[in-house]
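**Q** Following is a predicted model, sequence given first.
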Amino acid sequence: GTPQTIAGLETGYAVMALGKFGGRDLGYASDIELLLIYGDAGFTSGPQVIGNAEFYEHLVRKVKESIQARREGIFKLDLRLRPYGNTGPLACSLESFCRYYGTGGDAHSLERLALVRLRAIGGDRELGPRIERLRDEILYTARGIDLSELRTLRRRQLKNKTLKGRLNAKFSPGALVDLEYTVQILQVVYGAGNPEVRTPYLLPALKRLHSAGVLAAFEAKRMTESYAFLHKLINSLRMLRGSSEDLFLPLLESQEYAHLARRMGYKLSPALSPGQQLHLDFETHTAFIRTFVEKHLGRESLPGLASGNIVDLILSEHLPGPLKYKILKNLGMEEMERAVVNLKKLAGRGRQREHFVKL
């Protein structure tokens with residue numbers, strides 16, 4: 001039968017995209033993150049009457065079972081971003097969506113932040129845009145996002161998803177999630193007063209945050225370049241390994257690292273091998289992102305306060321003393337304060353500092 005409201009009116013559903021799919025930024029082997037929301041509680045018409053919740057649960061389960069990737073970990077259908085995650089129903093009503101994400105709801109701050117990329121892609125043509133408007137009312141409010149909750153979760157990610165001594169393109173300090181989270185947080189913070197920054201698309205968000213006066217032109221440009229680099233790196237890692245799960249960079253001197261660098265387009269130069277060029281670019285872009293996070297959310301928003309390199313030393317205004325000492329010691333320098341002052345003098349300011357870092 002057809003799902004109906006208690007009053008007997010037909011009730012539709014909307015298919016909402018989230019994550020990379022919602023942001024129209026799918027890469028190689030990205031998960032396809034979806035959420036199905038139906039309009040109202042009630043029962044189906046027809047000879048075998050069941051509740052709307054049961055009807056849509058059955059529908060989503062059948063769709064999930066009918067879609068299979070050709071390889072494990074490649075374009076997997078991901079329904080975990082629904083209310084209550086894996087413990088919740090596969091589809092949710094509009095009422096339960098508003099209750100879960102709204103004021104006093106059970107949603108974690110990261111779940112609320114994920115709504116930035118919520119986008120209607122199918123189903124009822126009126127219900128989808130209505131959900132997007134409700135999302136705006138829920139998300140871009142004075143309540144905003146609990147930064148302390150996000151910082152705790154980010155530290156947990158670093159502990160559980162990285163390995164000591166190994167670089168991870170997604171979860172290392174200054175890697176992809178730090179850039180994505182920070183841009184989305186800025187959208188939420190400034191979206192209440194600046195509706196133009198409300199977009200599910202990250203690169204346009206950077207441009208709009210600049211237009212709204214939140215980001216300087218060089219910041220928007222720098223983060224656009226860093227995002228493009230990390231996106232290409234992650235795609236290359238997934239193609240190299242045939243899986244979306246393992247985003248650890250290979251060991252620097254390994255054949256796999258050299259293969260990865262060549263896949264990304266690095267060529268042998270008189271001074272540096274392709275692998276060395278890739279390593280320097282990774283260190284530079286992640287330092288750019290750490291400085292970006294530090295400026296807008298504070299150094300405490302970065303997990304692993306002991307992470308950094310000489311680029312952090314040049315760009316950061318709030319680098320902890322022990323980290324400065326660690327970086328300089330690795331460079332063979334002993335007079336810490338003098339070395340920092342001299343490096344910053346050599347680097348200069350503004351665009352001059354940008355060019356110095358690249359050198």
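**A** Nice, thanks for sending it over. Nothing here was measured: the structure is a model prediction, and the numbers come from that model. Numbering: from 1, shown residues only.

**Q** which residue packs closest to residue 78, ignoring adjacent ones?
**A** Nearest-residue entry for residue 78: residue 31, 4.0 Å, with adjacent residues in sequence omitted and distances by CB to CB, 6 or more residues apart in numbering. Any C-beta I mention is one placed from the backbone N, CA and C, and that applies to glycine too.

**Q** now the strands for this structure?
**A** Under the criterion DSSP state E, strands of the chain are mapped to 3-5, 13-18, 32-38, 42-44, 77-78, 91-93, 119-123.

**Q** Redo the ones you listed as CSV? Include mean pLDDT and mean neighbour count.
**A** CSV is the format used below for those (pLDDT from 0 to 100; neighbours: other CB atoms under 10 Å):
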stretch, mean pLDDT, mean neighbour count
strand 3-5, 92, 19
strand 13-18, 97, 23
strand 32-38, 96, 24
strand 42-44, 94, 19
strand 77-78, 88, 17
strand 91-93, 96, 22
strand 119-123, 96, 17
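
**Q** Which one, of the ones you listed, ends up nearest to residue 149?
**A** Closest approach to residue 149 among the strands of the chain (CB to CB): strand 13-18, 19.1 Å.

**Q** Buried residues, stretch 279-289. List them.
**A** 279, 281, 282, 283, 284, 285, 286, 287, 288, 289 (16 or more other CB atoms under 10 Å).

**Q** same question, stretch 198-216
**A** Neighbour counts over stretch 198-216 (16+ other CB under 10 Å) mark 198-203, 205-210, 212, 214-215 as buried.

**Q** measure that stretch end to end?
**A** One end of stretch 198-216 to the other measures 18 Å (CA to CA, to the nearest Å).

**Q** contact partners of that stretch?
**A** 22-25, 116-119, 136, 140, 180, 183-184, 186-187, 190-191, 194, 196-197, 217, 219-220, 223-224, 227 (CB atoms under 8 Å, 6 or more residues apart in numbering).

**Q** Let's test this: mean pLDDT of it, rounded?
**A** Averaged across stretch 198-216, the pLDDT comes to 97.

**Q** that older thread, next, check the buried residues of stretch 279-289 against the helices and list the overlap.
**A** Counted as lying in helices by DSSP state H, out of the buried residues of stretch 279-289, are 279, 281, 282, 283, 284, 285, 286, 287, 288, 289.

**Q** I'd like to check which residues are in contact with the fourth one.
**A** The neighbourhood of residue 283, defined by CB under 8 Å, 6+ apart, consists of 309, 311.

**Q** give me that answer again for 6 Å
**A** The contact partners of residue 283, by CB atoms under 6 Å, 6 or more residues apart in numbering, come to residue 309.

**Q** repeat for the fifth one
**A** Each residue near residue 284 by CB under 6 Å, 6+ apart is listed here: residue 311.

**Q** So residue 171 sits against residue 162, correct?
**A** Yes. The criterion here is CB atoms under 6 Å, and residue 171 meets it with residue 162 at 5.2 Å.

**Q** need the strands of the chain in a markdown table with distance to residue 311, can you?
**A** Output for these, formatted as a markdown table (distance: least, CB to CB, whole Å):
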| stretch | distance to residue 311 |
| --- | --- |
| strand 3-5 | 56 |
| strand 13-18 | 33 |
| strand 32-38 | 33 |
| strand 42-44 | 58 |
| strand 77-78 | 34 |
| strand 91-93 | 44 |
| strand 119-123 | 35 |
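
**Q** Thank you kindly, that will do.
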